[in-house]
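In: Quick one, structure for this:
(one chain, ligands or ions: 1)
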Amino acid sequence: MQNLIIVGPMGAGKSTIGRLLAKELRLAFKDSDKEIEQRTGANIPWIFDVEGEQGFRDREQCVLAELCLEQGQVVATGGGAILRPENRQAMRTGGRVIYLHTSVEQQIARTARDRNRPLLRTANPGQVLRDLLEIRDPLYREIADIIIETDERPPRMVVQEILARL
Ligand code: S3P
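Out: From the prediction side, this is the model:
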């Protein structure tokens, strides 16, 4: 089976939904941020602090290239994985891409208590999420085979819709 590659902004529920989807389909589940952390032996905020965002993006590109080449797994990507054209190409050729569309309000609610996202360590995380979505939404759409609305819907319902549309 082709990979199923999940994209979308921070707080879209990519990891939660990816894990549930993999379970339903009896596929392996990979989370690119977790892979980066395992390989680096450090967490994402540390990588941003020490190597900068570009250092993190380089690691992300390496991991995604590998994950997209493997087969038969569900891959949850980081919110900025669509920024580099190399990644978009790897995802497009590596499987079916599912975009979890999520409003900024939902993203704010779902990320409010999380300290593990360096881009949100700012006085106004809501504005950051708004600005990022404006730039990134066209890129998510550009590579998406399936777009799913996640607002006001529990993860299980989102998974059922993905299964129905595969
Ligand atoms: C990022 C999203 C994060 C993580 C990193 C950068 C982004 O992943 O990759 O903090 O640029 O949007 P999640 O989307 O899983 O939070």
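
In: Residue 108 should be in a strand, yeah?
Out: No. Read with DSSP: H, G, I helix; E, B strand; the rest coil, residue 108 is helix and lies in no strand.

In: which residues touch it?
Out: 11, 125-126, 129 (CB atoms under 8 Å, 6 or more residues apart in numbering). C-beta coordinates here come from the backbone N, C-alpha and C atoms, glycine included.

In: What of residue 19?
Out: Residues in contact with residue 19 (CB under 8 Å, 6+ apart) are 29, 74, 76.

In: Now rank the residues you listed by neighbours and give me the top one.
Out: The member of the contacts of residue 19 surrounded by the most neighbours (other CB atoms under 10 Å) is residue 76, with 30 neighbours in all.

In: going on from the longest helix belonging to the chain, what's the next piece of helix or strand?
Out: The longest helix of the chain (DSSP state H) is helix 44-69. Later in the chain than helix 44-69, the nearest helix or strand by DSSP states H and E is strand 73-76.

In: Just the pLDDT for residue 82.
Out: With respect to pLDDT, residue 82 scores 98.

In: My error: substitute residue 115 in the last question.
Out: For residue 115, the predicted pLDDT is 81.

In: Who are the contact partners of it?
Out: Applying CB under 8 Å, 6+ apart, the residues contacting residue 115 are 45, 121.

In: thinking again about what came up before, and the furthest pair within the contacts of residue 108?
Out: The largest distance within these, taken as CB to CB, falls between 11 and 126 and amounts to 11.0 Å.

In: Tell me which of those two has more neighbours.
Out: residue 11 (24 against 15).

In: isn't the more buried one right up against residue 106?
Out: Yes. Using CB atoms under 8 Å, residue 11 is in contact with residue 106, at 6.6 Å.

In: who in this protein is up against the ligand?
Out: Contact residues, the chain versus the ligand (CB under 6 Å from any ligand atom): 10, 14, 33, 44, 78-80, 117-119.

In: before we move on, the earlier item: among the contacts of residue 19, which one sits closest to residue 149?
Out: Nearest to residue 149 among the contacts of residue 19 is residue 76, at 17.8 Å by CB to CB.

In: returning to that earlier point: generate the ChimeraX command that creates a selection of the buried members of the residues of the chain next to the ligand.
Out: Selecting only the buried entries of these in ChimeraX, with 16 or more other CB atoms under 10 Å as the criterion:
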select :10,14,33,44,78,79,80,117,118
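
In: quick check, distance from the worst-scoring helix or strand of the chain on mean pLDDT to the centre of its chain.
Out: Counting by mean pLDDT, DSSP states H and E, the chain has its least confident helix or strand at helix 104-111, which shows a mean of 95. Chain-centre distance of helix 104-111: 15 Å, with CA atoms, centre = their mean, to the nearest Å.
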